[in-house]
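Enquirer: just coords:
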């Protein structure tokens with residue numbers, strides 16, 4: 001039987017107020033996955049992070065600066081030492097079971113070197129990354145009836 005869950009993103013050990021949604025699901029785990037697919041994957045800030053070509057901040061960091069040696073090189077020279085073939089290999093490893101999304105990412109990332117937005121990424125790519133990147137510790141899930149019961153507890157007075 002489906003249950004309503006309150007779901008929100010955890011940021012700095014607190015639930016981000018604007019992120020709270022009610023999700024109907026069969027379990028808390030399923031509520032978290034639905035939240036990732038429909039809320040996080042559609043968030044402008046999240047999509048901007050996935051599209052960002054800056055290796056300092058963007059999702060592309062996973063492919064451009066993956067080892068301590070690469071990070072050291074990047075810190076010194078402000079560019080990635082990774083050659084295109086290794087970058088491409090890492091992208092396809094990340095998207096493993098969905099190689100077409102890996103190709104979509106590469107196509108968008110390389111489409112126009114002067115376009116920092118990678119605007120032509122498909123929604124499925126954002127959903128894949130949201131589910132993979134946003135782990136359980138980033139999301140709070142609680143049944144709505146748990147919250148209702150907590151709010152209905154008698155208040156103590158002194």
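Expert: Yep, that arrived. Only a predicted model underlies this, so the values are computations on that prediction, with no experimental measurement involved.
Enquirer: domains in this structure, by residue range?
Expert: Under the assignment automatic domain parsing, the domains of the chain span 1-50+136-158, 53-115.
Enquirer: what's the end-to-end length of stretch 49-59?
Expert: Terminal residues of stretch 49-59 lie 6 Å apart, using C-alpha to C-alpha, to the nearest Å.
Enquirer: for it, buried residues please.
Expert: For stretch 49-59, a neighbour-count test (16 or more other C-beta atoms under 10 Å) marks 49-53, 55, 58-59 as buried. For the C-beta atoms, the positions are set from N, CA and C on the backbone; glycine is no exception.
Enquirer: before we move on, back to that, possible to save the domains of the chain as JSON lines with mean pLDDT?
Expert: As requested, these are exported to JSON lines (pLDDT from 0 to 100):
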{"stretch": "domain 1-50+136-158", "mean pLDDT": "82"}
{"stretch": "domain 53-115", "mean pLDDT": "86"}
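Enquirer: ok so, going back, which of the buried residues of stretch 49-59 lies closest to residue 93?
Expert: The nearest member of these to residue 93, counting by C-beta to C-beta, is residue 59 at 14.3 Å.
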